[in-house]
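*Asks:* need the 3D shape of this:
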Amino acid sequence: MEESVTLKVKVRTFPSKGRARVNETVMPLLAAKEGEALLITKYPAVWDEKTKTVSVTGYADNMVDKSVIMLSPEDIAALGVAEGDPVSVVRKVTWTEKVMKGATKTGDTVKEGAVKAGQAVKEGAVKAGHTVEKGAKDVAGKVTPKKEEKEL
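*Replies:* This is a model prediction of the structure:
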């Protein structure tokens, strides 16, 4: 899970379910951009499959205190927290990002394996080449007639 930020819950003046307002300095801490999804859970967060979370769209607002996240009453109730309670907030990683990260990791693993396999094939080919060269010289010495002997 990404780095989380702990903020205190405050009820939004103009409630809008699924939207959160945070100070503009908080968005970079979450590595989030305006309009991206944020995941919120009770503090302290465990971040496992059983963790109760609420997903909201995050908006920066320089009028919001740096220690606060403004949420609708519905989102606060869904989290099971009260105004003033601390919550953990992270940027919600999209499926596309997860797939791309996995594909990149898999691609890197395949590339490393291919490089190692290529090196092993090259080493084997060099050894085989030396063996063939040595064998060819040995056979050539046995087949080529000596000067005293008549040529075939």
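*Asks:* where along the chain do the helices fall?
*Replies:* 26-29, 73-79, 95-143 (DSSP state H).
*Asks:* so how far is the second one from its chain's centroid?
*Replies:* It refers to helix 73-79. Centroid separation for helix 73-79 versus its chain: 30 Å, with C-alpha atoms, centre = their mean, to the nearest Å.
*Asks:* residues near Val110, how many?
*Replies:* Number of residues near Val110 (other C-beta atoms under 10 Å) recorded here: 10. C-betas here are computed from N, CA, C, even on glycine.
*Asks:* ditto for Val139
*Replies:* Val139 has 10 neighbours, counted by other C-beta under 10 Å.
*Asks:* again with Val81
*Replies:* 20.
*Asks:* so it is in contact with Thr53, correct?
*Replies:* No. Contact criterion C-beta atoms under 8 Å: Val81 and Thr53 do not qualify, at 11.9 Å.
*Asks:* contacting residues for Pro15?
*Replies:* Applying C-beta atoms under 8 Å, 6 or more residues apart in numbering to Pro15 gives the contacts 72-74.
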